[in-house]
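Enquirer: Fold the following for me, if possible:
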Amino acid sequence: MQSFRTEIENPVVEKDIIDLANKIDMFHNGKLDEEKFRSLRLARGVYGQRQEGVQMIRIKLPYGKVSSEQLRTISNVSEEYSKGRLHITTRQDIQIHYVDLDRTPELWAELEKSDITLREACGNTVRNVTASETAGIDVDEPFDVSPYAHALFQYFLRNPISQELGRKFKVSFSSSDADTGLSYMHDLGFIAKIENGERGFKVMLGGGLGSQPRHAELLYDFLPTDKIIPLMEGVVRVFDRYGERKSRAKARLKFLMKDLGLDGFKALLKEEQTAVPIKSFPIDAEAYPKPQIAEVAIPNVVIEDQKAFDAWKATNIIPQKQEGYVAIGIKVLLGDFYLKEARALADLVEKYAADEIRLSLRQNIVVPFVKEELIPFFYTELKKLGFTEAGYNRAIDITACPGTDTCNLGIASSTGIAEELERIMKEEYPDYINNPDVVIKISGCMNACGQHNMANIGFQGMSVRTKSKLVAPALQVLLGGGNMGNGEGRFADKVVKIPSKRGPEALRLILNDFDANGNGLSFPEYYAEKEQMYFYDFLKDLTDVENLTPDDFIDWGNSEEYIQAIGVGECAGVVIDLIATLLFESEEKIQTAATTFNEGKWAASIYHSYSSMVNTAKAILTSENQKTNTHAGIIKDFDEKFVANGRIALDKGFEEFILQINKNEPTEVFAKNYLNDTKVFLGKVQEFRNAELAKAN
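Expert: Numbers count the residues shown, from 1 in each chain. The predicted model follows:
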């Protein structure tokens, strides 16, 4: 086992990093199954790239807030371990690419010195908690949601109930009724409200994008702030037990909601309340760090191009509720920027603003707390970095995932077509620089990392096949999606599928028609008035694949002929383990349950014990080729196939045995007894398994 040491002061974090190093060593030496290793590294932000032998590292940055020191640390890490490019995601993370797997533990250790984590940035976990990038400065917000988003992030990081979910779980906070956190497309979405002088949230449940987008349902019109963490714990517990695990395509919470209905889900949620260790979790918003705004003399600057400055100022200055201050929106093409710009920006905001930036859901950067008198100075400094392109959050500001550049799941290029469409918007439709009502988004596949199916105009990477069986890159054109505010949204309709190289022509036809016939409506309003078939009729000529030219077989940003090559997706891949590996895992979970019990963490110990028992039952069901799709199904089937017929003797039914977890308060006595029950159960199953193996031999 390789010797790896860190200088991390937090022993929990240090153990986590050393464990990753040891597991990498076990994997290289054939002592750890590849699928199990994938699950482990994904939960630590290490994601396999399309390119063999290198990893994408996703850095988890709650609600996109990054201090100057953290930005410098990320830059240093990227320089040392990667290629110097930073990529902002649509979940306010930063990704770096082309990292050697063996160096990921030391990379993580360097990040943790600045309180930056990789933990649960990927995998079947609670992902990065996102929020409105203007949280804390929004002129329309009833209060700053940042303290609440941060408290929720801290509570669920490394929380045992959310380490091995059936699929990823996404949470957002919106600072106002504009719902810029996009609550309607999240597993849980919170919209800030004040009722009778009390702070709280409107709560949306069970939304999601992907190939089958689903609008979240209203769970609460108003939930006090001290109830949001207990609520989410209950929701995650229900999702963990009843959510699909075998079929990745059906494993998100939205599918469980579809099956159960809102009332059915609420009933299960109620059953979990006894097990939830906290009934109220007050969050001290006043203790949240206040911005430290630099006090400096106003430098004298000369604006060389007043027209360019005025255009930038008209689109990139964000009003701020704090008098005398504004925020500056920085448009970042495709979310990619480099170390020179990152380091210079860190120095700039440290010296002249509030020592922080915010990353946005549209892959941009916001600099809050800029004194109004400093706007000309910031413009001149940002111009040196190439950060003064006008059109922040306007129609020319196109969102795109990495697509086939680095992602295993990419079908067609999203970055290449995005660059071309931005060029067309700037050159042919310059007036759209002032239009915030047309939102264009692009994804390289159906999984919607570019959020294409909630855009006004969306493009999804696909492929088309000619009658002669030639394959060309293609785009699904989607229209009419949009955020209506206050938890209401609309998903885009699929209109036509066209060869990728015809994407620009499709955009021209759509915008020309809108310009000619829109009559002052917003694009979502115009689409709703005309409806799907209207747009299909004037786009359908672009769908013909029997008249393709050689250029149509070369994807955007490429010089070689297109080859459809889809790898194995890792965002939340379902792991199917060998029986021996599963039983070994059960032993590890019991050890963890014992450790947390000795630390006085009763609720954590109980959940580790529960996980061990489910895992053990799964192992023995797997050995007989039985389905193990959900925790609830595993519990029921184990009862039926092993306990009811006496093959494995328990004092009571397995369901009654294991579901003591939601019938008892998480006390010391119950945690101790439940842990002992878990050990007994594993022993009986191992005895049964050994007897079965002896028979077979």
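Enquirer: what's stretch 195-205 in contact with?
Expert: The set of residues external to stretch 195-205 that reach it, using CB atoms under 8 Å, 6 or more residues apart in numbering, is 142-143, 148, 173, 183-184, 186-194, 216-225, 227-228, 231, 235, 253, 257, 262, 265, 285, 486-487. Where C-beta positions appear, they are placed from N, C-alpha and C, glycine not excepted.
Enquirer: out of those, which are buried?
Expert: By neighbour count, with 16 or more other CB atoms under 10 Å, the contacts of stretch 195-205 hold 142-143, 148, 173, 183-184, 186-193, 216-217, 219-220, 222-223, 225, 227-228, 231, 235, 253, 257, 265, 285, 486-487 as buried.
Enquirer: In helices, which of those appear?
Expert: Counting by DSSP state H, the buried ones among the contacts of stretch 195-205 place Tyr148, Ile228, Leu231, Val235, Leu253, Met257, Phe265 in helices.
Enquirer: where does the second one sit relative to Gly485, distance-wise?
Expert: In other words, Ile228. Distance from Ile228 to Gly485, counting by CB to CB, to the nearest Å: 21 Å.
Enquirer: Check which helices and strands whichever helix in the chain runs longest sits against.
Expert: Ordering each helix of the chain by length in residues (DSSP H) puts helix 668-696 first. The contact analysis (3 or more CB pairs under 8 Å, 6 or more residues apart in numbering; DSSP states H and E) places helix 668-696 against helix 579-598, helix 602-623.
Enquirer: Outline the domain layout of the protein.
Expert: Listed by automatic domain parsing, the domain ranges of the chain are 11-112, 130-287, 306-384, 399-553, 579-696.
Enquirer: Dump those domains into a markdown table; add distance to Ser559 and mean pLDDT as well.
Expert: Formatted as a markdown table, the domains of the chain follow (distance: least, CB to CB, whole Å; pLDDT from 0 to 100):
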| stretch | distance to Ser559 | mean pLDDT |
| --- | --- | --- |
| domain 11-112 | 17 | 91 |
| domain 130-287 | 30 | 96 |
| domain 306-384 | 19 | 97 |
| domain 399-553 | 11 | 91 |
| domain 579-696 | 44 | 92 |
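Enquirer: Of all those, which one is nearest Glu295?
Expert: Each of these has some distance to Glu295 by CB to CB; the shortest is domain 306-384, at 9.5 Å.
Enquirer: Any idea how far the closest one is from the middle of the chain?
Expert: 25 Å (CA atoms, centre = their mean, to the nearest Å).
Enquirer: Stretch 327-344: which residues count as buried?
Expert: Neighbour counts over stretch 327-344 (16+ other CB under 10 Å) mark 327-335, 337-339, 341-343 as buried.
Enquirer: which of those lies closest to Lys313?
Expert: The closest of the buried residues of stretch 327-344, once distances to Lys313 are taken by CB to CB, is Ile328, at 9.6 Å.
Enquirer: Tell me who's in contact with the residue nearest to the closest one when sequence neighbours are not counted.
Expert: For Ile328, ignoring the flanking residues on the chain, the nearest one in space by CB to CB, 6 or more residues apart in numbering is Val367 at 4.5 Å. Applying CB under 8 Å, 6+ apart to Val367 gives the contacts Ala327, Ile328, Ile330, Leu345, Leu348, Val349, Ala353, Ile357, Phe378.
Enquirer: The last one and Met484: what is the separation?
Expert: Put plainly, it is Phe378. Counting by CB to CB, the gap from Phe378 to Met484 is 33 Å.
Enquirer: Comparing the two, which residue is more hemmed in?
Expert: Between Phe378 and Met484, counted using other CB atoms under 10 Å, the more crowded position is Phe378 (24 against 12).
Enquirer: quick one on the thing from earlier: pull the most distant pair out of the buried residues of stretch 327-344.
Expert: Largest pairwise distance in those, by CB to CB, is 23.8 Å, between Ala327 and Leu339.
Enquirer: Please verify my assumption that Lys421 contacts Asp397.
Expert: One thing to correct before we go on: residue 421 is Leu, not Lys. No: here Leu421 lies out of contact with Asp397, judged by CB atoms under 8 Å, at a distance of 11.1 Å.
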